[in-house]
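Enquirer: Sequence and computational prediction follow.
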Amino acid sequence: MKVISKLLLSATLVSVLFTSCSDDEPGNVPVAPAGKIIATVGGTPWESTGAAIINNNSISVGGESNGNAIQATVLKDDVVGTYEVKGIGALTTFTPEAMVAYGTSGSVASTSMYFDNDVAIGTVTITEIDEVNKTVSGTFYSKVKSYTLGTIIEITAGSFTKIPYVTESSQNTMSAKIDGVQFNSHVVISASAMGTLVLNGQTLGGQQIITISVPEAIAVGTFAFGELGSDQYTTYSANGETYTSISGELKITAHNKTTKHIEGTFTFTAEHFLLEEGNVSATEGIFSVNY
């Protein structure tokens, strides 16, 4: 399953108020066939076979059809309920309750993360988690936006029914020392789309976030971290401040493209996103992630 890339990338965002129409109300959302995820994307129906991952404190459901991928993710809990979709805000470590992302082969990925965080632009509702049959059901709607193009797409009438899920609560880890202080992630989110693989580790509530971006086809070996937009780069956010890598080393010690598992170690030096004074350094970084 291919899903959205580059979650939680810091940017200057535009606040957009979501105005729903009657078709977006939960009671009017069509029920997807079992095993399917459906939605209306910019007025065009979309349907795919679904797949899902449930980690500690997160649920991610997605699918891909004819190169068009949708992912709906709950980042707060792994229980039945309705969760607000918001952006991350401008240069903050805010972590929303949920996010929605959309990508098309050959085009720039779009996500709800690129909106501001002062108003909800959608919801993701988990209506059922069947622990016996290992399936999850729910609904969603949101606006998504391209960071580079600024194009806004409305995703409405989203629904997924009895999507098979796997659990990875103990398999995804990321840790490091930031300026000598230990960082241990409580939530690790991974995503891949259009040739890019993103690994995102954060503490609960998103007070600290490390995001590592690499080519999806990266092999075992040693690579240099570059600046934002390089083949390999990283960002670090804490206390409302965001830093982007200027140097560092990434060692991929294992990458199984069949089982979609990657492991490695890293160090980096990052400068303030707005080029203000003060850098941060990460040492003893390590990750083991399924994506």
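Expert: Looks like it arrived, so ask away.

Enquirer: Tell me where this structure has helices.
Expert: Taking DSSP state H, the chain contains no helices at all.

Enquirer: Could you break it into its assigned domains?
Expert: As assigned by automatic domain parsing, the chain contains the domains 22-167, 173-290.

Enquirer: tell me the contacts of residue 232?
Expert: Counting by C-beta atoms under 8 Å, 6 or more residues apart in numbering, residue 232 touches 212, 213, 214, 215, 218, 223, 224, 225, 226, 250. C-beta here means a position set from N, CA and C on the backbone, and glycine is covered the same way.

Enquirer: And the buried ones among these, selectable in PyMOL?
Expert: To isolate the buried members of the contacts of residue 232 in PyMOL, using 16 or more other C-beta atoms under 10 Å:
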select buried, resi 212+213+214+218+223+225+226+250
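
Enquirer: could I get the contacts of residue 232 as JSON lines with distance to residue 41 and pLDDT?
Expert: JSON lines is the format used below for those (distance: C-beta to C-beta, whole Å; pLDDT from 0 to 100):
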{"residue": "212", "distance to residue 41": "29", "pLDDT": "94"}
{"residue": "213", "distance to residue 41": "25", "pLDDT": "91"}
{"residue": "214", "distance to residue 41": "28", "pLDDT": "95"}
{"residue": "215", "distance to residue 41": "27", "pLDDT": "93"}
{"residue": "218", "distance to residue 41": "30", "pLDDT": "97"}
{"residue": "223", "distance to residue 41": "35", "pLDDT": "98"}
{"residue": "224", "distance to residue 41": "38", "pLDDT": "98"}
{"residue": "225", "distance to residue 41": "35", "pLDDT": "97"}
{"residue": "226", "distance to residue 41": "33", "pLDDT": "94"}
{"residue": "250", "distance to residue 41": "35", "pLDDT": "98"}
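
Enquirer: For the contacts of residue 232, please prepare TSV with the additional fields distance to residue 138.
Expert: TSV is the format used below for the contacts of residue 232 (distance: C-beta to C-beta, whole Å):
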residue	distance to residue 138
212	29
213	28
214	31
215	32
218	33
223	38
224	41
225	37
226	39
250	36
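
Enquirer: now residue 60: how far from residue 285?
Expert: The gap separating residue 60 from residue 285 is 23 Å, by C-beta to C-beta, to the nearest Å.

Enquirer: And the strands in the stretch 51-200 of the chain?
Expert: 58-65, 68-74, 81-85, 98-104, 110-111, 122-130, 135-146, 152-167, 173-178, 181-184, 187-193, 196-202 (DSSP state E, counting those that start in this stretch).

Enquirer: Lowest mean pLDDT across these, which one is that?
Expert: Mean pLDDT per stretch puts strand 187-193 lowest among the strands of the stretch 51-200 of the chain, at a mean of 74.

Enquirer: tell me which strands and helices that strand is in contact with?
Expert: strand 44-55, strand 58-65, strand 68-74, strand 196-202, strand 279-290 (3 or more C-beta pairs under 8 Å, 6 or more residues apart in numbering; DSSP states H and E).

Enquirer: what's the nearest residue to residue 184 if we skip its chain neighbours?
Expert: Counting by C-beta to C-beta, 6 or more residues apart in numbering, residue 184 lies nearest to residue 175, which is 4.9 Å off, once chain neighbours are set aside.

Enquirer: so how far is residue 79 from residue 98?
Expert: Taken as C-beta to C-beta, the span from residue 98 to residue 79 is 13 Å.

Enquirer: The two: who's more crowded?
Expert: Counted by other C-beta atoms under 10 Å, residue 98 and residue 79 do not tie: residue 98 has more neighbours, with 25 against 10.

Enquirer: re the thing from before, out of the contacts of residue 232, which is nearest to residue 188?
Expert: Closest approach between the contacts of residue 232 and residue 188, by C-beta to C-beta: residue 212, at 10.6 Å.

Enquirer: Hmm, that closest one is touching residue 199, no?
Expert: Yes - using C-beta atoms under 8 Å, residue 212 is in contact with residue 199, at 4.5 Å.

Enquirer: show me the contacts for residue 288.
Expert: 171, 172, 173, 261, 262, 263.
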